[in-house]
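J.: curious how this folds, go ahead:
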Amino acid sequence: MKYPLLLAALSLAVPGAHALGRPAARVALPPSAVAQDTTAEKMLAFQRSSGGWPKAVNEVKVDYRHRMSASDLQAARHDAGQQDGTIDNNATTREITYLVSAFKSTSNPAYRQAAENGIRYLLKMQQPSGGFPQYYPDARFYRAQITYNDNAMIKALQVLQAVADKKGDFALVDPTLVAPAQRAVTQGVQCILKTQYVRQGQPTAWCAQHDRTTLLPCNARAFELASLSGDESVGITEFLLSLDQPTPEVRRAIKAAIAWFEASKISNMTVQDIAATQQPKGRDRVLVPTPGSTLWARFYDLATNQPIYVGRDGVKHAQLADIEVERRTGYVYAGTWPEKLLTREYPKWQQKWGP
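T.: This is a model prediction of the structure:
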């Protein structure tokens, strides 16, 4: 999609000194001073004073493919003081990554500075446990809990690992961020190890959210109860697999998670969307017996390790068909998330690091 040219005289968000807590400053650049990237310009407009980015504004998802006029960009900048910065749904981590790349291709210093401000935001939001909340500084509801949901914390750690390793375009960012990023990754790994749920003395997997104080699994939305996740645990395990020179503790965590995935298979089943004229949207989602196929549930009971299906009433059920059709078709309760991990990634890791 093509975008209109943006006015270069619009103020660009750039951070101040290297101190993590210092808010962004505003400067105006003359039209001929630097090259511009239209997507990056939109990202500058949506960056919050905290350094992070929102995933939605007034419940409308932020989509950088949409055309924005100069007045639209200016209006977006007026919301810089909002406290809605988040790492949910790829927010903040995608902008940092894009802006670093945009700086490399344009040499526009505003893009590097905005990315660095975003990296400082990640460093600020990390909790004493090493965990990352879904939102910062907004701590309402479950937003302050350690959030593995949708790989939010893992994506934050991947960005910080890239900074620490000076990987690719991240070699261009402020070198004073390297050491803090490495410390943050180390603390994040320790949080991952401490939050791996132990049942009857055996480490298993992870919940989508963990309490920021007790580190135990905790609830989020009504249909997201404290439980072991067959989805988020994959991203966590893959991140551990990516670590160079894994410690004995990391090795044990990986092996325990792999054993849990193997023990938690739903054999000979697939999930299918089917036509259902009796339903409001004319479709339904069902689990179908299929010899040779394997599924994993999104949620497993902490005590029994049995798959659970939870609707908006917050009540556990043993079957997908037992919850309302709106949730059955509007949320993914079963999938093949660990398949690649088990068949390709873990065997490759074993070859590299030994049995």
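
J.: longest strand in this protein, please.
T.: strand 283-297 (DSSP state E).

J.: listing partners with orientation, what would you give for it?
T.: strand 266-275 (antiparallel), strand 334-335 (antiparallel) (DSSP bridges).

J.: list the helices and strands the helix or strand following that strand packs on?
T.: Once strand 283-297 ends, the next helix or strand along the chain (criterion: DSSP states H and E) is strand 299-300. Contact here means 3 or more CB pairs under 8 Å, 6 or more residues apart in numbering; DSSP states H and E; on that basis strand 299-300 packs against strand 228-229. Just so you know, the C-beta spots here come from the backbone N, C-alpha and C atoms, and that holds for glycine as well.

J.: let me see the mean pLDDT of the longest strand of the chain.
T.: Mean pLDDT, strand 283-297: 98.

J.: state the distance from the most centrally placed residue in the chain to Ile254.
T.: Nearest to the mean C-alpha position of the chain, by CA atoms, centre = their mean, lies Ala152 at 1.9 Å. According to CB to CB, to the nearest Å, Ala152 and Ile254 sit 21 Å apart.

J.: Leu302 now?
T.: 21 Å.

J.: got a list of what Tyr331 touches?
T.: Residues near Tyr331 by CB atoms under 8 Å, 6 or more residues apart in numbering: 223, 298.

J.: now do it, the pLDDT please.
T.: pLDDT at Tyr331 comes out at 97.

J.: and the residue nearest to the centre of the chain, what is it in contact with?
T.: Ala152 neighbours (CB under 8 Å, 6+ apart): 86-88, 132, 134.

J.: among the residues you listed, which ones are in helices?
T.: Members of the contacts of Ala152 lying in helices (criterion: DSSP state H): none.

J.: ok, so of those, who is nearest Val100?
T.: Ile87 (16.4 Å; CB to CB).

J.: the residue nearest to the centre of the chain belongs to a helix, doesn't it?
T.: Yes: when DSSP: H, G, I helix; E, B strand; the rest coil is applied, Ala152 is found to be in a helix.

J.: what is the burial count for the closest residue to it other than its chain neighbours?
T.: Among residues not flanking Ala152 along the chain, Ile87 sits closest, at 4.5 Å (CB to CB, 6 or more residues apart in numbering). Ile87: 29 surrounding residues under other CB atoms under 10 Å.

J.: contact partners for Ile87?
T.: Contacts for Ile87 (CB under 8 Å, 6+ apart) come out as 52, 93, 122, 125, 132, 134, 147, 152-153, 155-156.

J.: could I get the residues you listed as a markdown table with distance to Ala102 and pLDDT?
T.: Listed next are the contacts of Ile87 as a markdown table, based on distance: CB to CB, whole Å; pLDDT from 0 to 100:
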| residue | distance to Ala102 | pLDDT |
| --- | --- | --- |
| Gly52 | 18 | 98 |
| Thr93 | 15 | 98 |
| Leu122 | 18 | 98 |
| Met125 | 23 | 98 |
| Phe132 | 24 | 98 |
| Gln134 | 26 | 98 |
| Thr147 | 27 | 98 |
| Ala152 | 23 | 98 |
| Met153 | 25 | 98 |
| Lys155 | 19 | 98 |
| Ala156 | 20 | 98 |
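
J.: Gln351: which of those residues is nearest?
T.: The closest of the contacts of Ile87, once distances to Gln351 are taken by CB to CB, is Lys155, at 26.5 Å.

J.: quick check, the closest one in contact with Ala91.
T.: No: contact between Lys155 and Ala91 fails when scored by CB atoms under 8 Å: they sit 9.6 Å apart.

J.: which of the contacts of Ala152 tops the neighbour count?
T.: If you count neighbours using other CB under 10 Å, the busiest of the contacts of Ala152 is Ile87, which has 29 neighbours.

J.: phi and psi next, for it.
T.: The phi/psi pair for Ile87 (degrees, to the nearest 10) reads phi -110, psi 10.

J.: ok, it to Ser105 distance?
T.: From Ile87 to Ser105 the distance is 25 Å (CB to CB).

J.: now Ala91
T.: 22 Å.

J.: before we move on, what about Ala263?
T.: From Ala263 to Ser105 the distance is 47 Å (CB to CB).

J.: what do you get for Thr38?
T.: Taken as CB to CB, the span from Thr38 to Ser105 is 12 Å.

J.: so which of those two has more stuff around it?
T.: For the pair Thr38 and Ser105, the greater number of neighbours falls to Thr38 (17 against 12), based on other CB under 10 Å.

J.: gap between the more buried one and Ile87?
T.: Separation of Thr38 from Ile87 (CB to CB) stands at 24 Å.

J.: over to Leu177?
T.: From Leu177 to Ile87 the distance is 17 Å (CB to CB).

J.: same deal with Arg312?
T.: In terms of CB to CB, Arg312 sits 25 Å off from Ile87.

J.: which residue ranges of the stretch 51-200 of the chain form strands?
T.: For the stretch 51-200 of the chain, the strands defined by DSSP state E, counting those that start in this stretch cover 56-57, 60-61, 146-147, 198-199.

J.: what's the most buried one of those strands?
T.: strand 146-147 (a mean of 28; mean count of other CB atoms under 10 Å).

J.: what is the distance between that strand and the centre of its chain?
T.: Put simply, strand 146-147 sits 10 Å off its chain's centre (CA atoms, centre = their mean, to the nearest Å).

J.: from what I see, Arg112 and Ile96 are in contact.
T.: No: counting by CB under 8 Å, Arg112 stays clear of Ile96, with 10.5 Å between them.

J.: what about these two, which has more around it?
T.: Ile96 (29 against 22).
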